[in-house]
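S.K.: here is a sequence together with a model predicted from it:
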Amino acid sequence: MGHKANLLVIDDDANTLASLARAFRLAGHEATVCDSAIRALELVKSQRFDVILSDVVMPGKDGLALLEDLKMAGVTAPVVMISGQATVEMAVRATRLGAVDFLEKPLSTEKLLVTVENALRLTRLEEENRELRQRLGKHEMVWVSPVMERLMAKVERVAASETRVCILGETGTGKELVARTIHNRSPRRGGPFVTLNCAAVPAELIESELFGHEKGAFTGAAGRHIGKFEQAHRGTLFLDEIGDMPLGMQAKLLRVLEEGEIERVGGDRPVAVDVRVIVATHRNLDELVRQNTFRQDLYHRIYVFPLLLPPLRERVEDIPALVENFGRQVAVQNGWKEKAFAAEAIEELKRYAWPGNVRELRNVVERLLLLSAGEQVDSAAVRQALPLGSAAGSAPLAHAQDSSSAMRNGTLAERVNAFEREVLLAELKRHNHHMTNVARALGLERSHLYKKCQQLGIDLRAVRRSE
């Protein structure tokens, strides 16, 4: 038997329980036994089982009623039914209720172990299919630049450990992809990879999303919901935008990281979970701690091994490889013919500031493949696909020459834009284009500063060349 499993066995006969438990333990499995459906339902609230085996005929609630209750409770472990009084109708009903197999007593130990192994294999196949569906359309890590080479060397080292990783970087730099790479190269790669974007979930729902809830825990809770932590059991949970997690939730997350167990909303007992947590944020966690919007004790728990992802503008050497990868991927997904990118088109893409980073590049590549009529994507198509005034050339400088006129004669929006443009250009010159210092002087985050330059048609490279 290649896979150690945690099994739950339910039967009202003590001798049957003893012999089954002994057979499973000799085969290398963990076996928990109980003699009633009521006790089984209590056990599944606090423990996770890989396979459940239940007798059909038992005093009180029978095995088929238990099967229905397990389904209602959100238990996803495969269930094998066992009976000494089997009928065809009973087997059909069990199968319709979701049982993966139906065995008749007396039981053959060999047949029993093969059935359990098949149930485990079915679960693994379902997990692999789910993983493949999640990965469909997602690219692998692509790089040639030295800065990414250094980063990936760190990824390789930390992946083999259980060390908690904090991935830092601007929006769109590929933080989830790095987290997935760490998982895929770790001893947990056979387990699930589960994600939650803390900024995308309303504050009042995030506890239920992370820890799950019991039926009736709140209005609208029609059944049990298994949260992200339980879904990620024996795998990896990726918490994106951890800096946006509400303070009250931060305290509960800290407790889970310290104790290794969660409590569902509306639950009355803890549930043990074995999860590696990787977090990411585009925000400055040190600053959030100073502002008392992020707990210092949680910061020390998650900020063990930081990985800083460079923005795309700092790894322009990777753009040709990324474009080729995205072009192939988009063409396959849409059933389009692959197109080559002219050297001049690649140079245009390299000159752009990419405030949306790798994510923005992928979107632009898709736009170019859709819009380009010829066999090849040329530089004119790139200039058309990029935001107005953002590609290299004379357009941004022409904007600068017209700004004083816009401030005198334009609409209110045009005058405001022209004024902001003048201020930005002046600060860029004053700080010798040091973006961190410019952002600090203007009270902006660096990512917002790049975005504002793009919106106002300021091509940073062209402005530098003109001075």
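M.R.: Here it is on my side, so go on.

S.K.: could you point out the longest helix in the chain?
M.R.: Longest helix in the chain, counting residues (DSSP state H): helix 109-135.

S.K.: which is the succeeding secondary structure element to that one?
M.R.: The helix or strand immediately downstream of helix 109-135 is helix 146-159, counting by DSSP states H and E.

S.K.: quick one: mean pLDDT for that following helix?
M.R.: For helix 146-159, mean pLDDT is 95.

S.K.: and the closest residue to residue 182 other than its chain neighbours, how many neighbours does it have?
M.R.: For residue 182, ignoring the flanking residues on the chain, the nearest one in space by CB to CB, 6 or more residues apart in numbering is residue 159 at 4.6 Å. Every C-beta, even on glycine, is put in place using the N, C-alpha and C of the backbone. Residue 159: 18 surrounding residues under other CB atoms under 10 Å.

S.K.: over to residue 380?
M.R.: Using other CB under 10 Å, the number of residues around residue 380 comes to 13.

S.K.: and it, that's in a strand?
M.R.: No - counting by DSSP: H, G, I helix; E, B strand; the rest coil, residue 380 falls outside a strand, being helix.

S.K.: quick check: it vs residue 373, distance?
M.R.: Distance, residue 380 to residue 373, by CB to CB, to the nearest Å: 11 Å.

S.K.: could you do residue 360 as well?
M.R.: In terms of CB to CB, residue 360 sits 23 Å off from residue 373.

S.K.: quick one, which of these two is more surrounded?
M.R.: residue 360 (19 against 5).

S.K.: any idea which element that one lies in?
M.R.: Here residue 360 is assigned to helix 357-371, by DSSP H and E.

S.K.: how far is that helix from where the chain is centred?
M.R.: Here the centre of helix 357-371 is set off from its chain's centre by 22 Å, with CA atoms, centre = their mean, to the nearest Å.

S.K.: with stretch 200-214 instead?
M.R.: 16 Å.

S.K.: may I see the buried residues of that stretch?
M.R.: Residues of stretch 200-214 classed as buried by neighbour count (16 or more other CB atoms under 10 Å): 201, 206, 207, 208, 209, 210, 211, 212, 213, 214.

S.K.: would you convert these into JSON lines that also reports secondary structure, pLDDT and distance to residue 430?
M.R.: JSON lines is the format used below for these (DSSP: H, G, I helix; E, B strand; the rest coil; pLDDT from 0 to 100; distance: CB to CB, whole Å):
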{"residue": "201", "secondary structure": "coil", "pLDDT": "90", "distance to residue 430": "41"}
{"residue": "206", "secondary structure": "helix", "pLDDT": "95", "distance to residue 430": "43"}
{"residue": "207", "secondary structure": "helix", "pLDDT": "95", "distance to residue 430": "47"}
{"residue": "208", "secondary structure": "helix", "pLDDT": "94", "distance to residue 430": "50"}
{"residue": "209", "secondary structure": "helix", "pLDDT": "95", "distance to residue 430": "46"}
{"residue": "210", "secondary structure": "helix", "pLDDT": "97", "distance to residue 430": "46"}
{"residue": "211", "secondary structure": "helix", "pLDDT": "96", "distance to residue 430": "50"}
{"residue": "212", "secondary structure": "coil", "pLDDT": "94", "distance to residue 430": "53"}
{"residue": "213", "secondary structure": "strand", "pLDDT": "92", "distance to residue 430": "54"}
{"residue": "214", "secondary structure": "coil", "pLDDT": "91", "distance to residue 430": "59"}
